[in-house]
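> just coords:
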């Protein structure tokens, strides 16, 4: 079937719907609603789709489009739910279960006939994590069901006037409801408010005389202070006291029109600047009785070491990379024949930290520092020859994050993840040894196609291409447990020693053909030319992406990617 996706941005859900529909044999095009109604009309005219699907839409479809073409809207709420802040209300009201509904487009928002509805549990995580995982799983199931029903032609969609459906109209969840009352709100209430707005829109508050949005929240078990008081920093986050405890807030965002030249999310401590707060460090191996936040951890179970990490949005700054490399080296000091890198739910990695780069005094120099720190980490994984390394992807990965995973001996991926093994849409040539790792897995022809087409691929497609070795068909909340079992079985495998020996021999052979240092040198030369060329498209694309300018988060797939400075791959 010819299908046109209309999305306000080509975000995680839009990418997954695109990839899954493509896997099912449909021909899929994408147009961004952010380019305006005329762009949507032109895409409909140009592609003449059999079906239009809107997986993520913040504005209404043009009336002439939905009247003349079958259009289905994906709404992140159960049947009868109406309004723009559906997931926000689910978290605020502590709903144990929520749902995704696929509706026929009509004049009233979220009021069309129902083609499919799939429930999902509301895990106790941030809204963006819930959206990318449990909600995304339900949405894909609902979309595929609706498309099949449409294709069969015999299904009669359920009107929302049906007495079995209770209509609930909810407006925007505004800042007045989100605001934290530090004197009176319990830690549980504060965490719920923070998690319900972790990605967007954040919770508006005041710190050090500045209006700032708070993004993300995690409990702290020991630090205490006056309600609202900042207590400490840790790995860029800040700890703030509640009336009965404390919470960690990883990111802050200055309010627009506040005069701040960087009004976008970034590590909280960097937004606040010098505060004199102590750095409340914790060991990589937390004692079992601790319940506190840290973005990198090490644990050991039998013959398996686990380096887990979770960075907001999957972005890895220079500091993130350096600390993760230190944790990786710590893991190498332990005599475990199997080492698992990753294994947390949600994002694995999206590569270098564009927000931190954009906010720096010298974005070109910070880009260079960040990329070299990322390369150091990837090279350490590639040069590990005394054990098997597994990259466990509980969620999406892109650009250098994919290449970090491919540096491992095996890649295990949750079936709901989406991979973007390319850099081109940010105007970059790429590094992280992609010219070695990608080709050795897929062959040079497929590697070239993946990097030039610059399209997302599902976990299943990645498995078929050789990017992923094992698919993990587990819900997001069970991924870590499943990886633990798989890793234990790998450590007990009778041929483990032989595989480790063969790995060391293969690395020596590859080094003799073309040293890793040569791959790194060639890639970095291309990237240096881009970073330090003020006219390179990367700088404008980065700034637009970070500042969320209309249409900047993605470009329609029917348009060619931005040209690369210095030629193409």
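Yep, that arrived. Just so you know, these numbers come straight off a predicted model, no measurement behind them.
> and whatever helix or strand residue 298 lives in, which strands flank it?
Using DSSP states H and E, residue 298 maps to strand 296-301. Strands flanking strand 296-301 in the sheet, each with its direction: strand 304-309 (antiparallel) (DSSP bridges).
> what does the strand it pairs with contact?
Strand 304-309 has contacts (CB atoms under 8 Å, 6 or more residues apart in numbering) with 295-300, 320, 324, 327-328, 331, 334, 336, 338-344, 480, 484, 487-488, 490-491. (Each C-beta comes from the backbone N, C-alpha and C, glycine too.)
> now the buried members of those.
Buried by 16 or more other CB atoms under 10 Å: 295-299, 320, 324, 327-328, 331, 336, 338-344, 480, 484, 487, 490-491, out of those.
> next, find the distance separating the spatially most central residue of the chain from residue 295.
Of all residues in the chain, the one closest to the mean position by CA atoms, centre = their mean is residue 347, 4.4 Å from it. Residue 347 is 12 Å from residue 295, where distance means CB to CB, to the nearest Å.
> give me the common contacts of the two.
Here residue 347 and residue 295 share the contacting residues 310-311, scored by CB under 8 Å, 6+ apart.
> count of neighbours near the residue nearest to residue 470 when sequence neighbours are not counted?
Excluding its sequence neighbours, the residue lying closest to residue 470 (CB to CB, 6 or more residues apart in numbering) is residue 412, at 4.7 Å. Neighbours of residue 412 under the rule other CB atoms under 10 Å: 26.
> each with direction, which strands does the helix or strand residue 412 falls within pair with?
Using DSSP H and E, residue 412 sits within strand 410-414. Note on strand 410-414: by DSSP bridges, its sheet partners are strand 388-394 (parallel), strand 470-472 (parallel).
> adding distance to residue 140, write those out as JSON lines.
Formatted as JSON lines, the strands paired with strand 410-414 follow (distance: least, CB to CB, whole Å):
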{"stretch": "strand 388-394", "distance to residue 140": "17"}
{"stretch": "strand 470-472", "distance to residue 140": "15"}
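> and of those, who's closest to residue 442?
Closest of the strands paired with strand 410-414 to residue 442 is strand 388-394, at 15.7 Å (criterion: CB to CB).
> chain center to the helix or strand following the closest one, what's the gap?
Using DSSP H and E, the helix or strand that directly follows strand 388-394 along the chain is strand 397-398. With CA atoms, centre = their mean, to the nearest Å as the basis, strand 397-398 stands 7 Å off its chain's centre.
> next one: stretch 321-338
24 Å.
> where does residue 545 sit: helix, strand or coil?
helix (DSSP: H, G, I helix; E, B strand; the rest coil).
> what's the answer for residue 340, then?
Assignment for residue 340 (three-state DSSP): strand.
> I figured it hits residue 487, correct?
Yes. Using CB atoms under 8 Å, residue 340 is in contact with residue 487, at 5.2 Å.
> what sits in contact with each of the two?
Common neighbours of residue 340 and residue 487 (CB under 8 Å, 6+ apart) are 304, 306, 390.
> re the thing from before, okay if I get the strands paired with strand 410-414 as TSV plus mean pLDDT, mean neighbour count and distance to residue 135?
Output for the strands paired with strand 410-414, formatted as TSV (pLDDT from 0 to 100; neighbours: other CB atoms under 10 Å; distance: least, CB to CB, whole Å):
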stretch	mean pLDDT	mean neighbour count	distance to residue 135
strand 388-394	98	26	15
strand 470-472	98	16	19
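> distance of the closest residue to residue 172 other than its chain neighbours relative to residue 2?
Spatial nearest neighbour of residue 172, excluding adjacent residues (CB to CB, 6+ apart): residue 85 at 5.3 Å. Residue 85 sits 33 Å away from residue 2, taking CB to CB as the criterion.
> and these two? Which one has more around it.
It is residue 85, of residue 85 and residue 2, that has more neighbours when counted by other CB under 10 Å, with 21 against 12.
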